[in-house]
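Chemist: Generate a structure from the sequence data that follows.
(chains A and B)
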2 protein chains.
Amino acid sequence: MNEKVKPKTLPGFMELLPNEQILFNKMKETIQKTYEKYGFLPLDTPIIEDAKVLLAKAGGETEKQIYRFEKGDNDLALRFDLTVPLAKYVTEYYDKLSFPFKRYQIGKVYRGEKPQRGRYREFYQCDVDIIGDGKLSIINEAEIPGVIYDTFKNLGFDDFTICVNNRKILNGLFNSLELENESAEILRIIDKIDKIGVEEVEKELLKNIDSKKVKTILEFIAIQGNNAEKIKALENLNLDNEMFKEGVEELKSLSKFIKIFGVPEENFKIDLTIARGLDYYTGTVYETFLNKYRSLGSICSGGRYDNLAGYYTDRKMPGVGISIGLSRLFFQLIDNNIISADEQAVSDVLVISMTDNYEMCAKVATILRENNLNVGINIEDQKIGKKFKYADNLKVKYVVIIGEDEIKNDVVTLKNMVTGEQQTIKLEEAIKLIK
Amino acid sequence: MNEKVKPKTLPGFMELLPNEQILFNKMKETIQKTYEKYGFLPLDTPIIEDAKVLLAKAGGETEKQIYRFEKGDNDLALRFDLTVPLAKYVTEYYDKLSFPFKRYQIGKVYRGEKPQRGRYREFYQCDVDIIGDGKLSIINEAEIPGVIYDTFKNLGFDDFTICVNNRKILNGLFNSLELENESAEILRIIDKIDKIGVEEVEKELLKNIDSKKVKTILEFIAIQGNNAEKIKALENLNLDNEMFKEGVEELKSLSKFIKIFGVPEENFKIDLTIARGLDYYTGTVYETFLNKYRSLGSICSGGRYDNLAGYYTDRKMPGVGISIGLSRLFFQLIDNNIISADEQAVSDVLVISMTDNYEMCAKVATILRENNLNVGINIEDQKIGKKFKYADNLKVKYVVIIGEDEIKNDVVTLKNMVTGEQQTIKLEEAIKLIK
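Modeler: Numbering: from 1, shown residues only, chains lettered A, B, ... in the order given. The predicted structure is shown next:
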């Protein structure tokens, strides 16, 4: 067989080198362990689902991106998020679950987008959701920023802000102004404020909205200050709208409990311009930003919704959740030199042989492993320089060298690959030094 | 929207309840950590590949089972094992890898088999492989049983046997008898020996093979005794065939090193009838059995191969590896009551409120989490009985109860859900007791 197929990974599919993969997996594990600390149960739904089930709710742009295909008589599709599978799961297994049902899921999802730098067709989402049966306390909405805070702290970040808003405030504002139908357009214009400034925003709003209403909108988006001051200012707007008032009350209660759930004031901010998924979220919404890298966009988002599984059941299941798009986040962090995978290693030690007597190498590796170390071994017929190059590439901190003298004297030579220091000692001493 | 879609997971796709998922994930993590202890690097290749690349080697039964589909102009397929993606990976990134390249991969693979009990269309494989560049020392073949042994020990098993053979022995035997072309058929007959007995096997062999050759075959499969005795008996056959002799030498060297790599004599057995994947393996082959549940079949198999990536490159890359089919294994272990997921919990503690003053609940949960405990919280507007039922369902060992008295006196009531014991104490004391 001489004709070879060229091995090539598809564009838009992330495939990492081992050192990158080590770092990626560490981040994934940190997220998982933090989610578990908050009592979320693991879930692992299939990647392939019945297209009819998966697309019950989809439409428009999403549907075009779906990987959908037939196998035998089955119309199949790959999941494009972890929320629809969750809706399916809680409906299908309703009788076997306890509510509030807290679950996390970390897994790959698929969207056939046009591949661009840092945009993937296969990517990891890391989701938590709390699902109520009929109702769900607002306290859950305050626990979620606790999860976000802990997660990014554990990932090694300090300088980030969890921005919070409540959809009822925006909806109430627009209702009270009788601008429900224009809300999407207004939010789109407001969103440009950083770029074009207040005056331009005012000008654009005035094209279709009367000046009194525009004044109220501008008052609203002009609200500044710390979280307490913002809530005060919202109350001072004296808007006579039940939904608005409810939103402000919820935001107030949220602000109080977020602190109790351990999020410091400096990592949490009320941002009245955050809207997110207009059709889906109904209460609190979250976005999270790295303060020094605001341009990355939100790195963790979500919110409260009132009806998770309306396409599958009449049962009302409100919920609150967030998602981290880990593949994209990882790419961005590497790309902006915020993290580096250069020194990542799986092994603590590499055992290498200087002779073709390999018994002591195998014995030493086994004893090191029994001492809970991750241990590689190179007993190949290679020149010693090549073996040290191998150790370098694996980024191991220590190399244990077994040559004729070591075998004769029942000792090992331990080399610290960072300092270059080298000493010939008993194995037990080497273990102590490595640990 | 009143017309509902019935949410239904596809047949042949494993979807677990949370307690089962917890146990499954623990097993997966144990396997991962053990693989890392042996210095294997993580890999996570895409689930979707170019069909041309993925099917370069496939054919026959495999090809029929593939999930293959088009998206835009692309002919795509879902991976059906982790070996082909590994072959692709080492060829594609050859210049960036260090050899011997040791990698593990734990991920889902897809085969559109007829769904049957315990057979899945989407299932996890947990693979390790060591890939050489041109050559690869036999010592690596002895390290693999070390990995198998440690993995199943760490999974909580004691009574299992790693069975080892060497394909060169079988091939050498058949070559020396000029029965190369009949080898598959002979192995098929030999395989029935447990069911039909030696005499019937002899009768079947004699149909197409002359009696002198059958005598040698029967002598070969009659070889009994401990590992050392079997090797001795192989040598005593005095077969004048280079390949056979090489196989015996390798088996001898393997047996010696397996012990040094920490596998006790009772967990390791030479089994001269093991053949496995006739076209693929070229040296040592492995199968692993739970001694009390031999009927489950091999729970971890693999072997040595000489040419990993022949369809992609002229570069010779020999390797050795094993695979655990975790989804199927998990199903079998549960199904045979060998393991149970009944008592699996994510949370160590559940905090529940007896009042509608939730501040102390949130504070206590936060402090417990700061003490590295996994903590759930139930502050829903539910009756207290329902909250304890919730705790029961979650299988938490401890419940922390916050009522009016606890708030007033700044204490907590800790209930041990196993013993039913309950005491009202300071939070710090509760933390000590829980830990």
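Chemist: For the closest residue to chain B within the stretch 101-250 of chain A, give me its contacts.
Modeler: Residue nearest to chain B within the stretch 101-250 of chain A: A:Ile139 (4.8 Å; CB to the nearest CB). (C-beta placed from N, C-alpha, C; glycine too.) Contact partners of A:Ile139, counting by CB atoms under 8 Å, 6 or more residues apart in numbering or on different chains, are A:Phe257, B:Tyr358, B:Ala362, B:Ile377, B:Ile379.
Chemist: What residues does the nearest residue to it once chain neighbours are set aside make contact with?
Modeler: The shortest distance from A:Ile139 to any residue other than its chain neighbours is 4.8 Å, reached at B:Ile379 (CB to CB, 6 or more residues apart in numbering or on different chains). By CB under 8 Å, 6+ apart, the contact set of B:Ile379 is A:Ser137, A:Ile139, A:Asn140, B:Ile352, B:Ser353, B:Tyr358, B:Cys361, B:Ala362.
Chemist: before we move on, the earlier item: quick check, nearest of the contacts of A:Ile139 to B:Asn171?
Modeler: Distance to B:Asn171, by CB to CB, is smallest for B:Ile377 among the contacts of A:Ile139, at 63.2 Å.
Chemist: Help me confirm that the closest one is found in a helix?
Modeler: No: counting by DSSP: H, G, I helix; E, B strand; the rest coil, B:Ile377 is not part of a helix but strand.
Chemist: all helices of the stretch 251-400 of chain A, in order?
Modeler: A:326-335, A:359-370, A:384-394 (DSSP state H, counting those that start in this stretch).
Chemist: Could you give the bridge partners of the closest residue to chain B within the stretch 301-435 of chain A?
Modeler: Proximity to chain B, evaluated over the stretch 301-435 of chain A using CB to the nearest CB, is greatest for A:Gly376 at 3.1 Å. Beta bridges link A:Gly376 to A:Leu350, judged by DSSP bridges.
Chemist: Wait, it touches A:Val351, no?
Modeler: Yes: contact criterion CB atoms under 8 Å: A:Gly376 and A:Val351 qualify, at 7.2 Å.
Chemist: which of those two has more neighbours?
Modeler: Per other CB atoms under 10 Å in any protein chain shown, whichever of A:Gly376 and A:Val351 has more neighbours is A:Val351, with 28 against 24.
Chemist: mind giving me the domain ranges of chain A?
Modeler: Structural domains annotated on chain A: A:18-45+A:82-335, A:349-434, as defined by automatic domain parsing.
Chemist: Sticking with A:Lys432, tell me its helix or strand.
Modeler: In the assignment (DSSP states H and E), A:Lys432 maps to helix A:427-434.
Chemist: Buried residues in stretch A:366-373, which are they?
Modeler: In terms of neighbour count (16 or more other CB atoms under 10 Å in any protein chain shown), stretch A:366-373 has its buried residues at A:Thr366, A:Ile367, A:Leu368, A:Arg369, A:Asn371, A:Leu373.
Chemist: Next up, phi/psi of the residue nearest to A:Ile139, please.
Modeler: Here is the backbone geometry of B:Ile379 (degrees, to the nearest 10): phi -120, psi 30.
Chemist: Look up the pLDDT of the closest residue to A:Phe24 other than its chain neighbours for me, please.
Modeler: Spatial nearest neighbour of A:Phe24, chain neighbours left out: A:Phe330 (5.5 Å); criterion: CB to CB, 6+ apart. On pLDDT, A:Phe330 comes in at 98.
Chemist: ok, A:Phe330 - how many residues close by?
Modeler: 22.
Chemist: just the residues of the stretch 251-400 of chain A that are near chain B, which are they?
Modeler: For the stretch 251-400 of chain A, the residues in contact with chain B (CB under 8 Å from any CB of the partner chain) are A:256-257, A:260-262, A:309-314, A:346-347, A:350, A:358-359, A:361-363, A:365-366, A:369-370, A:372-381, A:389-390, A:393-394.
Chemist: Narrow those residues to those that are buried.
Modeler: A:257, A:260-262, A:309-313, A:346-347, A:350, A:358, A:361-363, A:365-366, A:369, A:373-380, A:390, A:394.
Chemist: give the contact list for A:Gln423.
Modeler: A:Thr413, A:Leu414.
Chemist: can we see that at 6 Å?
Modeler: A:Leu414 (CB atoms under 6 Å, 6 or more residues apart in numbering or on different chains).
Chemist: Please state the backbone phi and psi of A:Tyr358?
Modeler: According to degrees, to the nearest 10, A:Tyr358 has phi -100, psi 0.
Chemist: excluding its backbone neighbours, what's nearest it?
Modeler: Using CB to CB, 6+ apart and skipping the chain neighbours, the partner closest in space to A:Tyr358 is A:Ile379 (4.7 Å).
Chemist: Mind pulling up the pLDDT for that neighbour?
Modeler: pLDDT at A:Ile379 comes out at 92.
Chemist: gap between it and A:Asp356?
Modeler: 9 Å (CB to CB, to the nearest Å).
Chemist: hmm, back to that, measure the residue of the stretch 101-250 of chain A closest to chain B to B:Ile367 for me?
Modeler: 16 Å.
Chemist: My guess is A:Asn166 contacts A:Tyr286. True?
Modeler: No: with contact defined as CB atoms under 6 Å, A:Asn166 does not reach A:Tyr286; the gap is 10.6 Å.
Chemist: more neighbours, these two?
Modeler: A count of neighbours by other CB under 10 Å puts A:Asn166 above the other of A:Asn166 and A:Tyr286, at 31 against 26.
Chemist: list the contacts for the closest residue to the more buried one other than its chain neighbours?
Modeler: In this structure, A:Asn166 finds its nearest non-sequential neighbour in A:Gly247, 4.3 Å apart by CB to CB, 6+ apart. Shown in contact with A:Gly247 (CB under 6 Å, 6+ apart): A:Asn166, A:Lys168, A:Ile169, A:Gly172.
Chemist: Next, format these as CSV and append secondary structure.
Modeler: CSV is the format used below for the contacts of A:Gly247 (three-state DSSP):
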residue, secondary structure
A:Asn166, strand
A:Lys168, helix
A:Ile169, helix
A:Gly172, helix
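Chemist: so which of those is the most crowded?
Modeler: A:Asn166 (31 neighbours).
Chemist: Packing partners of the helix holding A:Lys432?
Modeler: The contact analysis (3 or more CB pairs under 6 Å, 6 or more residues apart in numbering or on different chains; DSSP states H and E) places helix A:427-434 against strand A:412-416.
Chemist: Within the sheet, what are the partner strands of the next helix or strand after the strand it packs on, with directions?
Modeler: Toward the C-terminus, strand A:412-416 is succeeded by strand A:422-425 as the next helix or strand (DSSP H and E). Counting by DSSP bridges, the strands paired with strand A:422-425 are strand A:412-416 (antiparallel).
Chemist: pLDDT (mean, whole number) over the strand it pairs with?
Modeler: If you average the pLDDT values across strand A:412-416, you get 98.
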